[in-house]
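**Student:** Sequence plus the predicted model coming up.
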Amino acid sequence: MLWTRLISIVDEAAAALVRTSFSTIVRESNDFACVLTDARGRSLAKATDSIPSFIGTVPRTIKHFLQEFPVDTLEPGDVLITNDIWLGTGHLPDITCAKPIFWKKKLVGFAGSVAHAPDIGGRMRSADAREVFEEGLQIPVMKVIRRGQIDATFERFVRKNVRVPDQTMGDLWAQFTALHLIEQRVLTVLAENQLNTLSDLADEIHRRSEAAMRAAIRAVPNGVYHHSAVCDGFEKPIELKMAMTVSDEAIAIDFAGSAAQVPRSINVCLAYTIAYTSYGVKAVLSPNIPNNEGVLRPINITAPAGSILNSTPPAAGGARALMGHFLPMMVITALAQAMPHKVIATVGSPLWCINLSGVERDGRTFTNLFFMNGGFGAAYDRDGANVLSWPSNISSTPVEMIEQLSPLRVKHRRFRVGTGGRGQFRGGTGQEIALVNGGETPITVAFLAERTRAETAAAGIAGGEPGTPGEVLVNGARVDPKVQHVVPAGAVMELKTPGGGGYGLPAQRDPGLLDADRVDGYTTA
């Protein structure tokens, strides 16, 4: 009962964050997380709708906070903050905050939150940044609020360095609101149940969760499972390699042999690598256990320092999702060798994003970003979902919000017919969206897109065929999605997201399902 109560607290905080936020990134796309930890930074409860990577990184960041600010330096009303790539989520737009919770003058836990800011300054986010210093304002670990009073210099500094200061600070205040709500609700739980600390409850939650995960791992035959993935890269594709060792009730995953970090912004910090790799394990083996630190204890993840999955300064990381989103699918495909009925074919992810900035007629700067998704991979007993976000549960931005908050006009947004991989069960279809620069001036645009080469298409499984790769076009001509573009007024941008892979042999598909696909417009004759 207490465990469920804690989860409801962070879920309520997540709702408050969404309702008080300023940007579409939080309000429409849900690019955030709310987390509760104990006094040592060990995660206890995470909001149900939180992004998988964030629920893995926030507790690690809180532990970094404690190294910089030991317990005896913290006071009621303090809020800590950072967006450091290697202490946080891996790229600067994600700002992590935490508020220490005191009960009877003792530290009992932390309320934590991370959200993707609408802007963090620097050059607009794109995959071609060469080092972190290009990517925007770096916030060191610091107290942004001391005893309830915000650092006014910090706020002035942020406002001076971002394109949309009201949105950026507005979202930060929404995060502070969520932290305050978590704090107050936790204090109520402690008072009502006559508890002096969260430690005993944390130990019990972690013990049960760890035991459940170890039991799930025992169902996997011992052995070493290998898998590799090929990503679009830049001039040439980039390869990721993984070896998963299952030993009784523990799993060790190593990414030795993966490509070295590159002078572009697709490098992944180790915390992000660990978060999404762990997510892949949990999604297959124990999807119903609420997220907390106990679930992760039987899983050990390593990657060589200086590799693209364990970057070192000053590597850029703004587009790290273009690499990191491959990781859970690598885990799932490797586990398919042992349990093919518990996995899905490859998803048409990483999720896609369009970033834009420009200047209004009155001289004000604007910036925004909008997400879009590809098709889901098919399973052994069902077709893949169409246009579904994965592994990040970010929502596609509604057309109404795109047109209201930017100079873009949407010509069409529709299923990309015939793009799901064929199989006994069909991969999910991608989407195609055509956007017109309806303003009077050029805008700067960066597309974050992957799986645009034939060799990187979402693979099928058990004889299923791959999905169709994606495309990005401007005025009908294919363009490089990993560099910035200046798009003139009236130009048309088309983004065609990849389809998911199919499951099973196409010849085994039910003829009735084939007919339904044509009637529903998912495939052609």
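**Tutor:** Yep, it's here.
**Student:** hey, where'd the helices end up in the protein?
**Tutor:** 2-20, 24-27, 52-68, 152-161, 165-192, 199-218, 270-285, 293-296, 321-324, 327-335, 399-405, 511-520 (DSSP state H).
**Student:** could I get those helices as CSV with distance to Val108, mean pLDDT and mean neighbour count?
**Tutor:** In this view, the C-beta of every residue, glycine as well, is placed from N, C-alpha and C. Compiled in CSV, the helices of the chain are given as follows (distance: least, C-beta to C-beta, whole Å; pLDDT from 0 to 100; neighbours: other C-beta atoms under 10 Å):
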stretch, distance to Val108, mean pLDDT, mean neighbour count
helix 2-20, 12, 97, 19
helix 24-27, 28, 92, 23
helix 52-68, 13, 96, 23
helix 152-161, 27, 97, 13
helix 165-192, 7, 98, 20
helix 199-218, 8, 96, 17
helix 270-285, 25, 97, 25
helix 293-296, 16, 96, 23
helix 321-324, 33, 96, 28
helix 327-335, 33, 96, 25
helix 399-405, 39, 90, 14
helix 511-520, 53, 94, 12
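**Student:** I'd like to know which of the ones you listed is closest to Phe415.
**Tutor:** helix 511-520 (8.9 Å; C-beta to C-beta).
**Student:** what distance separates that closest one from the centre of its chain?
**Tutor:** The chain centroid and the centroid of helix 511-520 are separated by 34 Å under C-alpha atoms, centre = their mean, to the nearest Å.
**Student:** repeat for stretch 148-156
**Tutor:** 29 Å.
**Student:** can you list contacts of that stretch?
**Tutor:** Stretch 148-156 is contacted from outside by 77, 142-145, 169, using C-beta atoms under 8 Å, 6 or more residues apart in numbering.
**Student:** Contact partners for the residue nearest to Thr312 when sequence neighbours are not counted?
**Tutor:** Sequence neighbours aside, Gly306 is the residue nearest to Thr312 in space, at 5.4 Å (criterion: C-beta to C-beta, 6 or more residues apart in numbering). Contacts for Gly306 (C-beta under 8 Å, 6+ apart) come out as 260-261, 312.
**Student:** Is Ala378 in contact with Gly501, as I believe?
**Tutor:** Yes - counting by C-beta atoms under 8 Å, Ala378 does reach Gly501; the two are 6.7 Å apart.
**Student:** overlap in contacts of the two?
**Tutor:** With C-beta under 8 Å, 6+ apart as the test, Ala378 and Gly501 both reach 345, 384, 421, 423, 427, 460-461, 464.
**Student:** do you know how far the residue nearest to Thr312 is from His226?
**Tutor:** 22 Å (C-beta to C-beta, to the nearest Å).
**Student:** Spit out the contact partners of the residue nearest to the spatial centre of the chain.
**Tutor:** Among the residues of the chain, the one closest to the centroid is Ser392, at 4.3 Å (C-alpha atoms, centre = their mean). With contacts defined as C-beta under 8 Å, 6+ apart, Ser392 is in contact with 31, 51-53, 321, 325, 349, 351.
**Student:** what do you get for Ser395?
**Tutor:** If you count contacts by C-beta under 8 Å, 6+ apart, Ser395 has them with 28-30, 371, 389.
**Student:** Swap in 6 Å and give it another go.
**Tutor:** Under the criterion of C-beta atoms under 6 Å, 6 or more residues apart in numbering, the neighbours of Ser395 are 29-30.
**Student:** got it, and Val164?
**Tutor:** 118-119, 367.
**Student:** Reformat the residues you listed as JSON lines; add pLDDT and neighbour count.
**Tutor:** JSON lines is the format used below for these (pLDDT from 0 to 100; neighbours: other C-beta atoms under 10 Å):
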{"residue": "Pro118", "pLDDT": "95", "neighbour count": "25"}
{"residue": "Asp119", "pLDDT": "96", "neighbour count": "27"}
{"residue": "Thr367", "pLDDT": "90", "neighbour count": "21"}
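**Student:** Include distance to Asn292 when you put those residues into a markdown table, please.
**Tutor:** Output for those, formatted as a markdown table (distance: C-beta to C-beta, whole Å):
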| residue | distance to Asn292 |
| --- | --- |
| Pro118 | 30 |
| Asp119 | 33 |
| Thr367 | 36 |
